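Undergrad: sequence unknown, structure follows:
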């Protein structure tokens, strides 16, 4: 039987079993569950469940809504909740529902990481074959009859399995993002097939893709998202979690090239993207360690002080930003390092946990109705006509799917699936290390105000503190052509280089060991500006230059609104994404070593 039909079968079977369990449930004795269940007749009102406000709300919704809505809500809760207590509770309720046909034997393990609904379905089918219950055959037949009327699955069950992590045995260095140890990202069961068709297929499951899928689904669009790795497995969970209202290029150079009006619009987009991220987090109730510490741009050399003054004047006059210039003496109140010669303090800067933010976007997109598939790389797409309607056929390991529109959200991992975009996007590897948790006196000495900090060099460094007191220290240490695989192989060597650079900034950390090192592929356009639009019929958003949290989330929503026909929804519609001159770039950035030599020369010259 088709797996998505099995999923619908499960849903219908649970609805009926739930309605029967009040009469057929003979009582429970204590088992290994963390909840106490009384003997005798049992109902939801007599069970002693954890009384957290969140779970109480879920229980009230279950008992006050229709059985169908209640069961579907329970299944979503068991698949997407980041809280272990609520996952366990939901799965224990599923165990209660299955009890009448299971003769009170434990059916579902409540351990996080088990696909409870998948196991339940397998057991129901097995019990039916074994004749364990006279009513089960009728339940399954009724569910099959209902399921046969459906064309595509209405929701996709995800379960918590986590990305495999790696530790170097000789050093104990963890070669994956620190953020991955703070959250479990759900994955799609491998047995779940693709639907035959969709209104929109989104390729890429990072900030842009998930934000786009959420927006499209909220407007009633049948949207399928395809992610080649785990959700957020690219740069989206591999950054430092800085939410900054900035662009990568200096204000002065942008004004010289595009004029003041255009720069004002670009910075308005940057500001709007920060506000959109904050609003999304609050509206969806995301728990991602959001805070507002502000950020510091620090002068690495004496000659850079003039640049800071120019930038502050331009930002104040052109953009109306409130910024503060810090002398070298004043800077010591902000950072415990004598390496820098001054700074530019901008209060409008937020920080968050990028992996927990990805989890929030996964939950929000799924709740809106988007169908999310990880480990589902789109290997090929071609134009195709279905029932007289023009669209695209997309091929994946799970099968093929036809869609009217395609939105490309692959960022720094843009490849030969879309050569027309690959020629316009430059992937550059950035690396980050994280120390072990620091003692309180060091935290207060290093960055007493908790600011996010980055410097004025072309080979820049950036650093911040984590909520548990680690120092994250990163930089663009390698301007060489990289793939995700080759970048990860370089991680341990670049960890040593970053550690040396960190000690130049903070020599007081000489006895502090590094616990994590990881990489991320940053997407750059040739003009160092963000872009969103249509190329050869394909919608896209890319070129965030290290500001993907804000611009990716915002432009993912905006390009989706443009796709849906909203007028004036794409603020970058009139800014085409450039190609390399003379067609000298086909996706492999052979010129990066030359650029690195030039930037090193400029850093030395300054």
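TA: It's in. None of these values were measured; they are calculated from a predicted model. Numbering: from 1, shown residues only.
Undergrad: which helix or strand contains the nearest residue in space to residue 214 that is not next to it in sequence?
TA: Setting aside the residues directly before and after it, residue 214 is nearest to residue 365 in space (CB to CB, 6 or more residues apart in numbering), at 4.1 Å. C-beta here means a position set from N, CA and C on the backbone, and glycine is covered the same way. Assessed by DSSP states H and E, residue 365 sits inside helix 354-368.
Undergrad: name the helices or strands packed onto that helix?
TA: Judged by 3 or more CB pairs under 8 Å, 6 or more residues apart in numbering; DSSP states H and E, helix 354-368 is in contact with helix 67-80, helix 207-218, helix 260-284, strand 371-373, helix 548-563.
Undergrad: let me see the mean pLDDT of the second one.
TA: It refers to helix 207-218. The pLDDT scores in helix 207-218 average 97.
Undergrad: the inter-axis angle of that helix versus helix 548-563?
TA: 40 degrees (axes from the mean of the first three to the mean of the last three CA atoms, to 10 degrees).
Undergrad: start to end distance for stretch 214-227?
TA: This stretch, stretch 214-227, spans 15 Å end to end (CA to CA, to the nearest Å).
Undergrad: also stretch 331-344?
TA: 9 Å.
Undergrad: now residue 451, nearest residue through space, not along the chain?
TA: Spatial nearest neighbour of residue 451, excluding adjacent residues (CB to CB, 6+ apart): residue 296 at 4.8 Å.
Undergrad: ok, that neighbour - contacts?
TA: Residues in contact with residue 296, defined by CB atoms under 8 Å, 6 or more residues apart in numbering, are 326, 331, 334-335, 343-346, 451-454.
Undergrad: for it, give its distance to residue 325.
TA: Residue 296 sits 11 Å away from residue 325, going by CB to CB, to the nearest Å.
Undergrad: now do residue 258
TA: Residue 258 is 25 Å from residue 325, where distance means CB to CB.
Undergrad: please pull out the lowest mean pLDDT helix or strand from the protein.
TA: For the chain, counting by mean pLDDT, DSSP states H and E, helix 53-64 ranks last in confidence among helices and strands (a mean of 40).
Undergrad: what about the residue nearest to residue 438 when sequence neighbours are not counted, which SS state?
TA: Counting by CB to CB, 6+ apart, the nearest residue to residue 438 once its immediate chain neighbours are dropped is residue 469, at 5.0 Å. Here residue 469 is recorded as coil under DSSP: H, G, I helix; E, B strand; the rest coil.
Undergrad: isn't residue 469 up against residue 437?
TA: Yes: counting by CB atoms under 8 Å, residue 437 is a contact partner of residue 469 at 4.5 Å.
Undergrad: among the contacts of residue 296, which lie within strands?
TA: Members of the contacts of residue 296 lying in strands (criterion: DSSP state E): 326, 343-346, 452-454.
Undergrad: least confident of these?
TA: Among these, residue 346 carries the weakest pLDDT, at 87.
Undergrad: list the beta-bridge partners for that one.
TA: Assessed by DSSP bridges, residue 346 has beta-bridge partners residue 295, residue 323.
Undergrad: let me see the contact set for it.
TA: Residue 346 sits next to 244-246, 294-297, 321-324 when contact means CB under 8 Å, 6+ apart.
Undergrad: quick one: it from residue 271, how far?
TA: Counting by CB to CB - residue 346 and residue 271 are separated by 11 Å.
Undergrad: do the same with residue 539
TA: Distance of residue 539 to residue 271, computed by CB to CB: 24 Å.
Undergrad: more neighbours: these two, which one.
TA: Using other CB atoms under 10 Å as the criterion, residue 539 and residue 271 rank with residue 539 on top: 21 against 17.
Undergrad: wait, a strand at the more buried one?
TA: Yes: counting by three-state DSSP, residue 539 is part of a strand.
Undergrad: which residues does it contact?
TA: Counted by CB under 8 Å, 6+ apart, residue 539 has contacts 405-408, 533, 559, 562-563.
Undergrad: what's the neighbour count on the residue nearest to residue 532 when sequence neighbours are not counted?
TA: Among residues not flanking residue 532 along the chain, residue 541 sits closest, at 3.9 Å (CB to CB, 6+ apart). When neighbours are counted by other CB under 10 Å, residue 541 registers 32.
Undergrad: what's near enough to touch residue 541?
TA: Here residue 541 is in contact with 208, 212, 407, 409, 530-532, 552, 555-556, 558-559 (criterion: CB under 8 Å, 6+ apart).
Undergrad: host element of the nearest residue to residue 436 once chain neighbours are set aside?
TA: Counting by CB to CB, 6+ apart, residue 436 lies nearest to residue 515, which is 5.0 Å off, once chain neighbours are set aside. For residue 515, the host element (DSSP H and E) is strand 514-524.
Undergrad: after that strand comes which helix or strand?
TA: strand 531-535.
Undergrad: mind giving me the packing neighbours of that next one?
TA: Using 3+ CB pairs under 8 Å, 6+ apart, the elements in contact with strand 531-535 are strand 538-542, helix 548-563.
Undergrad: where does this structure have low pLDDT?
TA: Along the chain, segments meeting pLDDT under 70 span 1-171, 318-321, 476-489, 491.
Undergrad: how does it look with 50?
TA: Under the criterion of pLDDT under 50, the regions of the chain flagged as low confidence span 14-124, 127, 132-136, 138-156, 159-165, 170.
Undergrad: just to revisit the earlier point, got the contact list for the residue nearest to residue 214?
TA: Residue 365 neighbours (CB under 8 Å, 6+ apart): 210-211, 213-214, 217, 225, 372.
Undergrad: what does residue 228 give?
TA: Each residue near residue 228 by CB under 8 Å, 6+ apart is listed here: 375-378, 413.
Undergrad: likewise for residue 544?
TA: Counting by CB under 8 Å, 6+ apart, residue 544 has contacts 411, 522-523, 530, 551-552.
Undergrad: apply 6 Å and report the result again.
TA: Taking CB atoms under 6 Å, 6 or more residues apart in numbering, we find residue 544 in contact with 530, 551-552.
Undergrad: could you do residue 460 as well?
TA: By CB under 6 Å, 6+ apart, residue 460 lies in contact with residue 454.
Undergrad: now it, what are its backbone angles?
TA: Torsion angles at residue 460 (phi, psi; degrees, to the nearest 10) stand at phi -80, psi 160.
Undergrad: what's the neighbour count on residue 388?
TA: Around residue 388 there are 5 residues (other CB under 10 Å).
Undergrad: now swap in residue 556 and tell me
TA: Other residues near residue 556 number 29, with proximity taken as other CB under 10 Å.
Undergrad: the residue nearest to it when sequence neighbours are not counted: what's it in contact with?
TA: Among residues not flanking residue 556 along the chain, residue 211 sits closest, at 3.3 Å (CB to CB, 6+ apart). Contacts for residue 211 (CB under 6 Å, 6+ apart) come out as 553, 556-557.
Undergrad: now with 10 Å?
TA: 202, 276-277, 280, 361, 364-365, 409, 541, 552-560 (CB atoms under 10 Å, 6 or more residues apart in numbering).
Undergrad: surely residue 199 is in contact with residue 213?
TA: No: counting by CB atoms under 10 Å, residue 213 is not a contact partner of residue 199; they are 11.5 Å apart.
Undergrad: neighbour count winner among these two?
TA: residue 213 (33 against 18).
Undergrad: mind checking how far the more buried one is from residue 327?
TA: Taking CB to CB, one finds residue 213 at 47 Å from residue 327.
Undergrad: isn't residue 301 up against residue 458?
TA: No: between residue 301 and residue 458 there is no contact, the gap being 11.7 Å when judged by CB under 10 Å.
Undergrad: the strands in the stretch 101-250 of the chain, which residues?
TA: Under the criterion DSSP state E, counting those that start in this stretch, the stretch 101-250 of the chain contains strands at 158-160, 186-188, 197-203, 223-226, 242-243.
Undergrad: export those strands to TSV and tack on distance to residue 397?
TA: Shown next, in TSV, are the strands of the stretch 101-250 of the chain (distance: least, CB to CB, whole Å):
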stretch	distance to residue 397
strand 158-160	17
strand 186-188	12
strand 197-203	14
strand 223-226	10
strand 242-243	34
